[in-house]
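Engineer: I'd like to go over a predicted model; first the sequence, then the structure.
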Amino acid sequence: MEAVAALVEQVRREMDKVIVGQEELKTQCLVTLLSHGHALLEGVPGIAKTLAVKTLARILGVEFQRVQCTSDLMPADIIGTNVLNTVTSSFQLHKGPVFTALLLVDEVNRMPPRTQAALLESMQERQVTIDGERHALSPYFTVFATQNPVDFEGTYPLPEAQLDRFLLKINVSYPQAAEEVQLLARVQSGFDADRLDEIEIAPVAPTALQAAREEVRAVKVQEALFAYIVEIVRRTRDWPALSLGSSPRAAVSLLTVSKSVAAIEGRDYLIPDDIKQAVLPVFRHRILVKPEADLEGITPDQVIQDVTQAVELPK
C-alpha cells in the first residue's frame, strides 16, 4: 500500500493547511477518490464543503469546475451544447462544466428533475451524449454534490435512482469549539479562504491517484466476507423500520469502499471492521425509513447500526 500511504499522507498534510478539523470529511473525500465514485455532502452552509473540494483539486493538480444549482438550470448548462459558428457555417461543441476532473454541484437538490436526469449519464458512464454523439469525460471525473439538510423551500428531492449513483453520502457536521478557535486565529493572522491560489500547496505526482487506485483494486477479500456483505444488504430489505432496503449496487459499493478503507489503514486485505466503517456512508442514502419510524425519531444511521449488529461476524 505504498502508493495509497504516500497519497493519503500528502493529501491530509496539504488539506490541513486550508481546512481546520473536519477529519471525517477529509477521509471520506479520499475514499471517494480512491474508490472512483461520487459523493453527496450534506451539511449546513459555511462548514468548508466547497473549500474542501477546491483544495483537493489543487492538491491533485486537476481541473475543477463549480455549478451553482438553481430552479431554472437547464441540461445544456451542465453538459454543454452544439453552437452554430456563423463564420464556418458549422456546429462546434461548447463544453459544459462536466468536462472537468472534479465537479462541485452546489445545492444539487435545487436542480430541476430534467437537469438531474442529464447528470445521471455523466455520473454512471463518465460520458455525455449531445445531439446523438457521445463524448468521453476525464478518467478522474468525480462529482461532489452538496445539499442543505435544513432549507427545503424551492428544492426538488433527489429520486432514488439519482441517490443510488452516489457512492457515499457524507454528513458534514460543525467543527469542535477548539477547531473554531483555531480557525479564527488563522483568519486573524491573514488566512483568506477566498484567496486559495495564494496558499502554498504542494501537488501530488500526476500518476499518484491512478497508482493508489490500482493498489485498492488489488486488496484481497476472503469469500466469507462476500457473504457477510450480502447478509447486511439483504437484512435491510426486510427490516421492520424500513420501507426500502439496499440494492445489489449497494453491495458492490460497500465492497469497493471497504477495500479503500483497508488500503488507507495500510492493509492489502479486508477485515470485517473495514466493512463496519464503510457501511454508514454507503447505505444512509440508499434506504428509506418508514414514516411511523421517522416520527419516532429513528434515523437511517441508527437503523444501519442495528442491522450491522444483528448480522453475525464471519469466522
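Structural biologist: Sure thing, it's come through.
Engineer: low-confidence ranges in the stretch 201-315 of the chain?
Structural biologist: Along the stretch 201-315 of the chain, no part satisfies pLDDT under 70.
Engineer: could you do the stretch 51-200 of the chain as well?
Structural biologist: The stretch 51-200 of the chain contains residues with pLDDT under 70 at 151-154.
Engineer: can you give me the strands in it?
Structural biologist: 64-68, 80-85, 90-95, 102-106, 127-130, 133-136, 142-147, 168-171 (DSSP state E, counting those that start in this stretch).
Engineer: isn't residue 70 up against residue 106?
Structural biologist: No. Counting by CB atoms under 8 Å, residue 106 is not a contact partner of residue 70; they are 10.0 Å apart. Heads up, the C-betas are built off the backbone N, CA and C, glycines and all.
Engineer: who has more neighbours out of those two?
Structural biologist: residue 106 (20 against 13; other CB atoms under 10 Å).
Engineer: do you know how far the more buried one is from residue 239?
Structural biologist: Distance of residue 106 to residue 239, given as CB to CB, to the nearest Å: 33 Å.
Engineer: and if you look at residue 313?
Structural biologist: Remark: distance between residue 313 and residue 239 (CB to CB) = 19 Å.
Engineer: of those two, give the one with the bigger neighbour count.
Structural biologist: Per other CB under 10 Å, whichever of residue 313 and residue 239 has more neighbours is residue 239, with 19 against 11.
Engineer: next, format the strands of the stretch 51-200 of the chain as JSON lines and append distance to residue 217.
Structural biologist: Compiled in JSON lines, the strands of the stretch 51-200 of the chain are given as follows (distance: least, CB to CB, whole Å):
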{"stretch": "strand 64-68", "distance to residue 217": "25"}
{"stretch": "strand 80-85", "distance to residue 217": "31"}
{"stretch": "strand 90-95", "distance to residue 217": "30"}
{"stretch": "strand 102-106", "distance to residue 217": "21"}
{"stretch": "strand 127-130", "distance to residue 217": "21"}
{"stretch": "strand 133-136", "distance to residue 217": "21"}
{"stretch": "strand 142-147", "distance to residue 217": "17"}
{"stretch": "strand 168-171", "distance to residue 217": "18"}
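Engineer: next up, the contacts around residue 158.
Structural biologist: Shown in contact with residue 158 (CB atoms under 8 Å, 6 or more residues apart in numbering): 108-109, 116, 147.
Engineer: by neighbour count, which of those residues wins?
Structural biologist: Busiest of the contacts of residue 158 [other CB under 10 Å] is residue 108, holding 25 neighbours.
Engineer: now stretch 10-23, how far from the centre of its chain.
Structural biologist: Centre-to-centre, stretch 10-23 and its host chain are 17 Å apart (CA atoms, centre = their mean, to the nearest Å).
Engineer: cool, and stretch 220-237?
Structural biologist: 23 Å.
Engineer: what sits against the nearest residue to residue 91 once chain neighbours are set aside?
Structural biologist: Residue nearest to residue 91 in three dimensions, not counting chain neighbours: residue 82, with 4.1 Å by CB to CB, 6 or more residues apart in numbering. Counting by CB under 8 Å, 6+ apart, residue 82 touches 91-94, 130-131.
Engineer: try it again at 10 Å.
Structural biologist: Residue 82 makes contact with 76, 90-94, 130-131, 133, according to CB atoms under 10 Å, 6 or more residues apart in numbering.
Engineer: buried residues, stretch 71-78. List them.
Structural biologist: 73, 75, 77-78 (16 or more other CB atoms under 10 Å).
Engineer: so what's the residue nearest to residue 91 bridging to?
Structural biologist: Applying DSSP bridges to residue 82 gives these bridge partners: residue 93.
Engineer: most distant residue from the middle of the protein?
Structural biologist: The centre of the chain is farthest from one residue, residue 87, which by CA atoms, centre = their mean lies 42.3 Å away.
Engineer: my understanding was that residue 198 contacts residue 17; is that so?
Structural biologist: No. In this structure, residue 198 is not within contact of residue 17 by CB atoms under 10 Å, at 11.6 Å.
Engineer: ok, these two, which is more surrounded?
Structural biologist: Neighbours were tallied for residue 198 and for residue 17 using other CB under 10 Å; the higher tally belongs to residue 17 (15 against 9).
Engineer: contacts only, for the residue nearest to the spatial centre of the chain.
Structural biologist: Residue closest to the average C-alpha location in the chain (CA atoms, centre = their mean): residue 39, at 1.4 Å. Residues near residue 39 by CB under 10 Å, 6+ apart: 25, 28-29, 31-33, 53, 142-146, 166-170, 281.
Engineer: same thing but 8 Å
Structural biologist: Neighbours of residue 39 in contact, by CB under 8 Å, 6+ apart: 28-29, 32, 142-145, 166-170.
Engineer: closest one of these to residue 245?
Structural biologist: Nearest to residue 245 among these: residue 169, at 15.9 Å, using CB to CB.
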